[in-house]
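>>> no sequence on this one, just coordinates:
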């Protein structure tokens, strides 16, 4: 069996087109790093700024760490007045203090007025009555004093990078593995392979194992690269920040403060990677099934990509109701992490009024469907030509 799996791995990987796809994916992944990590205009600055890149990131990190803590009027007052005192330095160095700006803008009662006055003043101002908005004003599901503010900005970039890279992982996987069964059909080799001693049993199983091996390897390599670069460039500062304090996720489309579960950014990272991994396994199963039903790798690839994209497209049409909830099972995209968290936190978004129950249900259903896809594919190949 081991020799058969190795043989199938070589068949899938040793192609010039696969080498080209891998090289193209490396270029795309590198391209994603630059706007997300290295040249983000708010966090890293741009090349024309007096201070930019990793030096600017370290300054942003220091500011955030100095103002880490559970939400209170005292913390807000310190953030506001330290920001006002720091403004001449920020102007002279072209640093956009995203932590203080967003904290004041999102969390302070008269935040926009304070920001405008502070920026327009030629001297450092002092504010006596900077107050934290109330729980009702922020529409928060949890008491504000239970939410920890910290260095959230770099983690937001990490989630963005992981979500974008996940789509790249899936497309690369589907391209490499689309020929697992349909490639033999296109070359008219089934009549030969299926008459061999292990053609309908061990060879079929080895093909399935090879597909899972390639998919898991791609997933691990890409995630290892992303987490390694994140560790080097940003570090792990802010890991204990509450998910609700990723202030990027308080916007017109979503308000992460409505998320009712106590969770920090590191815990979310672990759950997100697990969720993506199970989604990857599900896509592996569907790609195997589609390849067993189609007659060419191109048809397999196109159908697999369509299956990957279709649920998100249909969810924009069916925005609520049972159909939307069912489509949530098939949509493996994590492009809007905050939207996914809010969706799975209530029965309006999925079937249960509990975030953990909804997440576990989706994971179990996807694993069952993945196994069914593999079993059906195995039976299709076993019966082919009989």
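It's in. Keep in mind the model is a prediction, meaning the values are calculated, not measured.
>>> please enumerate the helices of the stretch 151-300 of the chain.
For the stretch 151-300 of the chain, the helices defined by DSSP state H, counting those that start in this stretch cover 153-177, 179-186, 190-193, 202-233, 265-293, 297-317.
>>> what's the neighbour count on the residue lying closest to residue 325 once chain neighbours are set aside?
Closest residue to residue 325 apart from its sequence neighbours, by C-beta to C-beta, 6 or more residues apart in numbering: residue 350 at 5.4 Å. The way it works is simple: take the backbone N, C-alpha and C, and place the C-beta from them, glycine included. Applying other C-beta atoms under 10 Å, we find 22 residues neighbouring residue 350.
>>> right, and residue 350 touches residue 342 too?
No - using C-beta atoms under 8 Å, residue 350 makes no contact with residue 342, being 10.8 Å away.
>>> make sure residue 102 is actually in contact with residue 251.
No - the criterion here is C-beta under 8 Å, and residue 102 misses it with residue 251 at 10.5 Å.
>>> neighbours around residue 129, how many?
The tally of other residues near residue 129 (other C-beta under 10 Å) stands at 9.
>>> pretty sure it belongs to a strand, no?
No - assigned with DSSP: H, G, I helix; E, B strand; the rest coil, residue 129 falls outside any strand and is coil.
>>> what about it, distance to residue 205?
Distance, residue 129 to residue 205, by C-beta to C-beta, to the nearest Å: 71 Å.
>>> same thing with residue 175?
23 Å.
>>> who has more neighbours, those two?
Between residue 175 and residue 205, counted using other C-beta under 10 Å, the more crowded position is residue 175 (22 against 17).
>>> surely that one meets residue 19?
No - between residue 175 and residue 19 there is no contact under C-beta under 8 Å: 11.7 Å.
>>> circling back to that earlier point, of residue 102 and residue 251, give the one with the bigger neighbour count.
When neighbours are counted by other C-beta under 10 Å, residue 102 and residue 251 differ, and residue 102 comes out ahead with 19 against 11.
>>> how about the more buried one, what does it touch?
247-248 (C-beta atoms under 8 Å, 6 or more residues apart in numbering).
>>> next up, phi/psi of the nearest residue to residue 245 once chain neighbours are set aside, please.
Nearest residue to residue 245, sequence neighbours excluded (C-beta to C-beta, 6+ apart): residue 149, at 4.7 Å. Main-chain torsions, residue 149, degrees, to the nearest 10: phi -90, psi 140.
>>> what does residue 239 give?
Per degrees, to the nearest 10, the backbone of residue 239 is at phi -60, psi -30.
>>> same check, this time on residue 347
With angles defined as degrees, to the nearest 10, residue 347 sits at phi -70, psi -10.
>>> begin at 2 from here
Got it, the first residue is 2 from now on, which makes the last one we talked about residue 348.
>>> isn't it right next to residue 354, touching?
Yes - between residue 348 and residue 354 there is a contact at 4.3 Å, judged by C-beta under 8 Å.
>>> hmm, back to that, so can I have CSV of the helices of the stretch 152-301 of the chain showing distance to residue 24 and mean pLDDT?
Shown next, in CSV, are the helices of the stretch 152-301 of the chain (distance: least, C-beta to C-beta, whole Å; pLDDT from 0 to 100):
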stretch, distance to residue 24, mean pLDDT
helix 154-178, 11, 95
helix 180-187, 19, 75
helix 191-194, 30, 47
helix 203-234, 14, 93
helix 266-294, 22, 96
helix 298-318, 18, 94
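>>> in CSV: those helices, plus distance to residue 259.
Formatted as CSV, those follow (distance: least, C-beta to C-beta, whole Å):
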stretch, distance to residue 259
helix 154-178, 18
helix 180-187, 43
helix 191-194, 54
helix 203-234, 27
helix 266-294, 15
helix 298-318, 20
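>>> of all those, which lies closest to residue 73?
Smallest distance to residue 73 across the helices of the stretch 152-301 of the chain (C-beta to C-beta): 20.1 Å, for helix 266-294.
>>> before we move on, the earlier item: so the residue nearest to residue 326 lies in a strand, does it not?
No - counting by three-state DSSP, residue 351 is not part of a strand but coil.
>>> show the contacting residues for it.
326, 329, 344-345, 359, 362-363.
>>> how much space between the residue sitting nearest the centre point of the chain and residue 270?
For the chain, the residue nearest the mean C-alpha position is residue 164 (2.7 Å; C-alpha atoms, centre = their mean). Remark: distance between residue 164 and residue 270 (C-beta to C-beta) = 12 Å.
>>> and for residue 6?
For residue 6, the distance to residue 270 - C-beta to C-beta - is 32 Å.
>>> so what pLDDT did residue 189 get?
Residue-level confidence at residue 189 comes out at 55, pLDDT.
>>> about what we covered before: next, show the common contact partners of residue 351 and residue 343.
Common neighbours of residue 351 and residue 343, counting by C-beta under 8 Å, 6+ apart, are absent.
>>> mind listing what's buried in stretch 349-357?
350-351, 353, 355-356 (16 or more other C-beta atoms under 10 Å).
>>> any chance of those in a markdown table, plus distance to residue 41 and pLDDT?
As requested, the buried residues of stretch 349-357 are arranged in a markdown table below (distance: C-beta to C-beta, whole Å; pLDDT from 0 to 100):
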| residue | distance to residue 41 | pLDDT |
| --- | --- | --- |
| 350 | 30 | 91 |
| 351 | 32 | 93 |
| 353 | 37 | 93 |
| 355 | 35 | 94 |
| 356 | 29 | 95 |
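>>> which residues are contacting the helix or strand where residue 4 lies?
Element membership for residue 4 (DSSP states H and E) is helix 3-14. Here helix 3-14 makes contact (C-beta under 8 Å, 6+ apart) with 19, 177-178, 180-181, 184, 199, 203-204, 207-208, 210-212, 214-215.
>>> tell me the two of those residues that are most distant?
The most widely separated members of the contacts of helix 3-14, counting by C-beta to C-beta, are 19 and 199 (25.0 Å).
>>> these two: which is more packed in?
Taking other C-beta under 10 Å, residue 19 and residue 199 do not tie; residue 19 has more neighbours (17 against 13).
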